[in-house]
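Undergrad: sequence first, predicted model second:
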Amino acid sequence: MEMTKILKEKGVVGAGGAGFPTYAKLKREGILHYILNGIECEPLLWVTKEILKRFPERVARGLAALKDYTNSKEAFIGVKSKYKHLFGKLEEFVKSENLDIRIFYAGDFYPAGDEQVLVYEITGKIVPPGGIPLMVGAVVNNVETVYNVYNALFEEKPVTEKFITVSGDIEKPVTVKVPIGMKVSSILEKLGIEYEEKVIIDGGPAMGKIISKDDVITKTSGGILVFEKNHPVVSKKMISIEQILRKARTCCIQCRYCTDQCPRYLLGHELEPHKIMISLAFNLEERFLKSALICSECGVCEMYSCPQGLSPRRVNQYLKGVFAEKGVKYSAEKREYSARQNRDLRRIPTSRLLTRLSLDKYEKKPEFIDEKLKTAEAKIYTKQHIGAKAIPVVQRGDKVNEGDVLAKVDENSLGADIHASIPGIVAEVTEDFVVIKGEE
């Protein structure tokens, strides 16, 4: 069977971002650099590092298969040099199997894992603003995505589980594998973590979002962080957009720190957050506001740069919504781009970001739990990816096993199939989700 069909049917999507269906990235020509993103630049998260350390054969074979299928000229696995001691088995396996894969060791800065930053670090090429890596002959996949590619191709296993790091203001951080659709509160309770009076974040401290204890794990979940309500990471995320816009219009001192440290600006993109803030305040040229459309939302501006405690990132998110409603898209003014002078000197060391966010005391290696957590119920969404919703193919009362198809995407639509993550009985079916009741 064609690789693209297998990956679509097995539900493989980007595990570390927006959930772009992996098969849709695969072209048989035009790809020069196949890049595996193992940077994991958000503090406190350890999923990628654990997968590379414990399953190097699966990751390397998955990447080799993708490289061969796309006829890529070269393949890289990008990791942070500070964790080189974790990847000895990976290097040994690549060498012993004579795989045409190179390990790229990146510096310890934030956000080294931004895919456009990584493409530049490895290839020296700049992805145009608003563009994708394929425009410069590159494809980037997350490590867990390629781990899932291996499972789909070589073990015929669909995506039914997710590795999650649980960290933050807890006694013992862990990295564990859980069924997709498992409730966040169930995970925390099984791990003995108190959360009732705390705030839960899905993802990393910089880019993650506040979620409810009743939310469930999806294919794109990045981690579960638990903090006290007064922690700086939480307080920045809890400010209302109305308050953010009001402060943006009145308190910006035009110091340029947000711009001078913006990773996309440093790549030469026409993104200058300080101009967006002043334009918002004084109704200046809309072209500055439109540049919000190319913001990567890494959070450097709000979490590190701004001395006034403003949030250009949230302002950009707001403007993206405004322009989306108007049907406005970004159009680049230039054709060629070059990195800004002194870019390397303006990058944010991860250690300084940790200090700025008061995360130093939480930065410790989580314990890896080898056994997958179990749950008596899974609520599995039919859209965990960019593209069309999967259409349910089961009915209430049906008995399903782990890995059975619950919902399918039309073969002519962008998307990926959805599968049962636990065995049990289908208890509820809607166009948005399927609930399975099982036995622990």
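TA: Right, received. Where do you want to start?
Undergrad: can we go C-alpha only for contacts and neighbour counts from here?
TA: OK.
Undergrad: you'd agree Val146 is up against Lys67?
TA: No - the pair Val146 / Lys67 is not scored as a contact, 11.3 Å apart, by CA atoms under 8 Å.
Undergrad: buried stuff in the helix or strand of the chain with the lowest mean pLDDT?
TA: Lowest on mean pLDDT, DSSP states H and E among the helices and strands of the chain sits helix 286-290, with a mean of 86. Within helix 286-290, the residues scored as buried using 16 or more other CA atoms under 10 Å are 288-290.
Undergrad: domains of this structure?
TA: 3-154, 160-231+358-373, 245-341, 376-440 (automatic domain parsing).
Undergrad: now the last one, how far from the centre of its chain.
TA: In terms of CA atoms, centre = their mean, to the nearest Å, the centre of domain 376-440 is set 22 Å apart from its chain centre.
Undergrad: with only the CA atoms kept, save the least confident helix or strand of the chain in CSV.
TA: Extracted C-alpha coordinates of helix 286-290, given in CSV (Å, rounded to 0.1, in the frame of the first residue of the first chain):
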residue,chain,number,x,y,z
GLU,A,286,-2.5,48.7,8.6
ARG,A,287,0.5,47.0,7.0
PHE,A,288,2.2,46.9,10.3
LEU,A,289,-0.8,45.3,11.9
LYS,A,290,-0.9,42.7,9.1
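Undergrad: so who does Lys10 touch?
TA: Neighbouring residues of Lys10 by CA atoms under 8 Å, 6 or more residues apart in numbering: 152, 156-159, 416-419.
Undergrad: okay, how far is it across stretch 123-140, tip to tip?
TA: 12 Å (CA to CA, to the nearest Å).
Undergrad: ranges for the strands of the stretch 251-400 of the chain?
TA: For the stretch 251-400 of the chain, the strands defined by DSSP state E, counting those that start in this stretch occupy 348-349, 367-369, 377-381, 391-392, 399-400.
Undergrad: for Thr123, which of the ones you listed is the nearest?
TA: Nearest to Thr123 among these is strand 348-349 (20.9 Å), distances taken as CA to CA.
Undergrad: packing partners of the closest one?
TA: strand 109-110 (3 or more CA pairs under 8 Å, 6 or more residues apart in numbering; DSSP states H and E).
Undergrad: circling back: quick check, nearest of the buried residues of helix 286-290 to Ile6?
TA: Distances from Ile6 to those, taken as CA to CA, are shortest for Lys290 (38.8 Å).
Undergrad: CA-only coordinates of stretch 102-111 in PDB, if you can.
TA: The C-alpha trace of stretch 102-111 is given here as PDB (Å, rounded to 0.1, in the frame of the first residue of the first chain):
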ATOM      1  CA  ARG A 102      23.200  13.100  10.300                       C
ATOM      2  CA  ILE A 103      22.800  14.300  13.900                       C
ATOM      3  CA  PHE A 104      22.700  18.100  14.200                       C
ATOM      4  CA  TYR A 105      23.600  19.600  17.600                       C
ATOM      5  CA  ALA A 106      21.900  23.000  18.200                       C
ATOM      6  CA  GLY A 107      22.700  25.600  20.800                       C
ATOM      7  CA  ASP A 108      20.700  25.900  24.000                       C
ATOM      8  CA  PHE A 109      18.500  28.900  23.200                       C
ATOM      9  CA  TYR A 110      14.800  29.600  22.900                       C
ATOM     10  CA  PRO A 111      13.100  28.900  20.600                       C
END
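Undergrad: which SS class is Ile6?
TA: Recorded secondary structure, Ile6: helix (DSSP: H, G, I helix; E, B strand; the rest coil).
Undergrad: returning to what we had before: who touches the helix or strand following the least confident helix or strand of the chain?
TA: Sequence-wise, the next helix or strand downstream of helix 286-290 (DSSP states H and E) is helix 300. Residues from elsewhere that reach helix 300 (CA under 8 Å, 6+ apart): 110, 206, 258, 261-262.
Undergrad: same thing but 7 Å
TA: For helix 300, contacts defined as CA atoms under 7 Å, 6 or more residues apart in numbering pick out Cys262.
Undergrad: now render the domains of the chain as CSV, adding distance to Pro349.
TA: Conversion of the domains of the chain to CSV gives the following (distance: least, CA to CA, whole Å):
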stretch, distance to Pro349
domain 3-154, 4
domain 160-231+358-373, 13
domain 245-341, 11
domain 376-440, 32
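Undergrad: least confident of those domains, on average?
TA: If those are sorted by mean pLDDT, domain 245-341 sits at the bottom with a mean of 92.
Undergrad: please enumerate the helices of the stretch 301-440 of the chain.
TA: With DSSP state H, counting those that start in this stretch, the ranges of helices along the stretch 301-440 of the chain come out as 312-326, 343-346, 350-356.
Undergrad: with distance to Gly19 and mean neighbour count as added columns, please give those in CSV.
TA: Listed next are these as CSV, based on distance: least, CA to CA, whole Å; neighbours: other CA atoms under 10 Å:
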stretch, distance to Gly19, mean neighbour count
helix 312-326, 19, 17
helix 343-346, 30, 13
helix 350-356, 26, 17
